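**Q** missing the sequence, but the structure's below:
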């Protein structure tokens, strides 16, 4: 699947013996070359300050999660805000505040700096 391009380095995969999801690039059995694995590790980390500011000012739209690569969660936050026409603003607000204090890594497992 790697050879045919069906699994990219940034694809989240899970092993049968391990319930946690991880990047495909970190699994040696998928045979990504060392250059590919190094390219993920050397990408610039996201800034925690930027994440917090985006959460405070644009959190209801999920922009802070788009910033760190958590597209699924960001899409859900945006959908809840738009589909409820803002009536669930308090729920999204609490959600954003909790995330601001608990999220320490981006979607690729790199620490926010």
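**A** Yep, that arrived. A quick note: this is a predicted structure, and the numbers were derived from the prediction, not measured.

**Q** farthest residue from the center of the protein?
**A** The centre of the chain is farthest from one residue, residue 87, which by C-alpha atoms, centre = their mean lies 26.2 Å away.

**Q** check the gap between that one and residue 63 for me.
**A** Distance from residue 87 to residue 63, counting by C-beta to C-beta, to the nearest Å: 20 Å. Every residue, glycine included, has its C-beta placed from N, CA and C.

**Q** same question, residue 50
**A** 10 Å.

**Q** again, but for residue 51
**A** Per C-beta to C-beta, residue 51 is found 10 Å from residue 63.

**Q** with neighbour numbers in mind, choose between these two.
**A** The neighbour comparison of residue 51 against residue 63 (other C-beta atoms under 10 Å) goes to residue 51, with 22 against 16.

**Q** can you name the next helix or strand after the one helix or strand in the chain whose mean pLDDT sits lowest?
**A** Ranked by mean pLDDT, DSSP states H and E, the weakest helix or strand in the chain is helix 34-41, scoring a mean of 50. As assigned by DSSP states H and E, the chain's next helix or strand after helix 34-41 is helix 48-58.

**Q** would you map the strands across this structure?
**A** 12-14, 21-23 (DSSP state E).

**Q** I'd like to know which elements the first one is packed against.
**A** When contacts are defined as 3 or more C-beta pairs under 8 Å, 6 or more residues apart in numbering; DSSP states H and E, strand 12-14 packs onto strand 21-23.

**Q** which helices and strands does the strand it packs on pack with?
**A** strand 12-14.

**Q** partner strands of the strand it packs on, with direction?
**A** Here strand 12-14 has these sheet partners by DSSP bridges: strand 21-23 (antiparallel).
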